[in-house]
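> what's the 3D shape of this:
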Amino acid sequence: MFAAGVTVHEALKAHEELDRLGVQARVVDLYSIKPLDRDTVLRAARTKAVVIAEDHHPEGGLGEAVTATLAEHCDHAPIAHLAVRHMPDSRSSAEQLDAAGISARHIVGAVQALLSDAKPAESSAFTAGSGKSQAG
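Model (predicted):
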């Protein structure tokens, strides 16, 4: 899971829930888009699923930077890009995150959806013998 700013906290909550569900995951705090830590992005994307969560519109942000980096490599995992896709209104912070689809429950749902669609691959990050999948 790649996140920045407030979505890091949501990704960490999602990480806890995924752990309870038996899914190994990592959270990468990409606090800087320019320069982007390309090596970390490429290493972390060697997994079965990549979820990007950002607290602004999808254009020109974290998601585009990560997907552009991964697009240069044909062997990356499937990607879900969670971002704000409508104008926010007057709500609490938690309600805003949930309404925008970038709350912990939405991140968990995106990971689960990608893993259910993922087909086993030789380079997958399935932890042998543990029964746990790994999502980045």
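> For Tyr31, which non-adjacent residue is closest in space?
Nearest residue to Tyr31 in three dimensions, chain neighbours excluded: Ala4, at 5.5 Å (C-beta to C-beta, 6 or more residues apart in numbering). Quick note: C-beta positions are derived from backbone N, CA and C, even for glycine.
> thought that neighbour was touching Leu30?
Yes: in terms of C-beta atoms under 8 Å, Ala4 counts as a neighbour of Leu30; the distance is 5.2 Å.
> what touches both of the two?
With contacts taken as C-beta atoms under 8 Å, 6 or more residues apart in numbering, the residues that reach both Ala4 and Leu30 are Leu62.
> Can you check what pLDDT the model gives the residue nearest to Tyr31?
Predicted confidence (pLDDT) for Ala4: 94.
> average model confidence for the host helix or strand of Val51?
Taking DSSP states H and E as the definition, one finds Val51 inside strand 50-53. For strand 50-53, mean pLDDT is 96.
> mind listing what it pairs with, with the direction of each?
Strands that pair with strand 50-53, judged by DSSP bridges, come out as strand 2-3 (parallel), strand 79-82 (parallel).
> Thanks a lot, see you next time.
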